[in-house]
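S.K.: sequence below, structure please.
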Amino acid sequence: MSVVRVIGGLGAQVLAMLAMVGRLTLFAAETISHLLRPPFYTREFLTALVQIGWLSLPVVGMTTLFTGGALALQIYAGGARFSAEAVVPSIVAIGMVRELGPVLGGLMVAARVASSIAAEIATMKVTEQIDALVTLSTNPMKYLTLPRVLAATLAVPCLVAVGDVIGIMGGYLVGVSRLDFNAAAYLKNTVDFLEVFDVTSGLIKGAVFGFIVATVGCFYGMNSGRGAQGVGAATKSAVVAASVLIFAANYILTELFFSA
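M.R.: So this is what the prediction gives:
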């Protein structure tokens, strides 16, 4: 009987997860449906754009800088086993713009923004501010969700682009100062091996990740429980769900872009 209970518990968790994915999908579809219907709250959009984009720039920049440097060291150490140290500039550049830049940018934004959005909206729900919006004939989805989702979808690709540059420069600094690469040759190899689609694929990933982060944050905020415990649970669930969905979406997009 204990085995049956364990299997039943796992099945219940899987069904609950699938139900949550379904509700999140419907929530995202409803958010998109409001995009072409007035009114549009420009002030909320601009505020969200600053909060999500500009204020996330330091953490994304520092993360990609150190990642680019560490990546250069690792590739050099691995390439030395096959006398292929010269591939460091090209592999650092391709790895940053295709994978590490978008994923790390998305995860940092998820940690900072999804938690913030979920906590803010959950607190508004607990204090009945969302009910007040409805009383004032203001659609909470248009006032709270749409501006944040749109701002994140536009801001995260910009963060990814800046993070790509900073990450490549981190690899450049390590390559020139620690690994004795020629500065001009390093930059030339970086530019020669990068293609336009490498960059654009990463920016597309960034837009998708931004949409995921803001949508998940708003969803868990809107569906939070009552009280401080509900706000905490919504914040935790938003960060975890956004991070997992970013990894899943990254695999799917990589398969679409680069599968043979």
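
S.K.: verify the stated contact: R148 with A214.
M.R.: Yes. Under the criterion of CB atoms under 8 Å, R148 is in contact with A214, at a separation of 4.7 Å. C-beta coordinates here come from the backbone N, C-alpha and C atoms, glycine included.

S.K.: intersection of neighbour lists for the two?
M.R.: By the contact definition CB atoms under 8 Å, 6 or more residues apart in numbering, R148 and A214 are jointly contacted by I52, I117.

S.K.: these two: which is more packed in?
M.R.: Using other CB atoms under 10 Å as the criterion, R148 and A214 rank with A214 on top: 31 against 28.

S.K.: how about the more buried one: what's its closest non-neighbour residue?
M.R.: The spatial neighbour of A214 that comes closest, neighbours along the chain excluded (CB to CB, 6 or more residues apart in numbering), is A152 at 3.6 Å.

S.K.: and the gap between that neighbour and F181?
M.R.: Per CB to CB, to the nearest Å, A152 is found 37 Å from F181.

S.K.: those two: which is more packed in?
M.R.: Here A152 and F181 are set side by side on neighbour count (other CB under 10 Å), and the busier one is A152, at 32 against 22.

S.K.: who's in contact with the more buried one?
M.R.: A152 makes contact with A48, I52, V109, V113, G210, F211, V213, A214 under the criterion CB under 8 Å, 6+ apart.

S.K.: with S33 instead?
M.R.: Residues near S33 by CB under 8 Å, 6+ apart: none.

S.K.: one more time with 10 Å
M.R.: Applying CB atoms under 10 Å, 6 or more residues apart in numbering, we find S33 in contact with M141, L146.

S.K.: please apply the same query to L154.
M.R.: Taking CB under 10 Å, 6+ apart as the criterion, L154 is in contact with F45, A48, L49, I52, G53, G206, A207, G210, F211.

S.K.: tell me the secondary structure at the third one.
M.R.: Taken by DSSP: H, G, I helix; E, B strand; the rest coil, the conformation at L49 corresponds to helix.

S.K.: the residue lying closest to it once chain neighbours are set aside sits in which helix or strand?
M.R.: Nearest residue to L49, sequence neighbours excluded (CB to CB, 6+ apart): A151, at 4.3 Å. Using DSSP states H and E, A151 maps to helix 146-177.

S.K.: right, I'll call it a day here.
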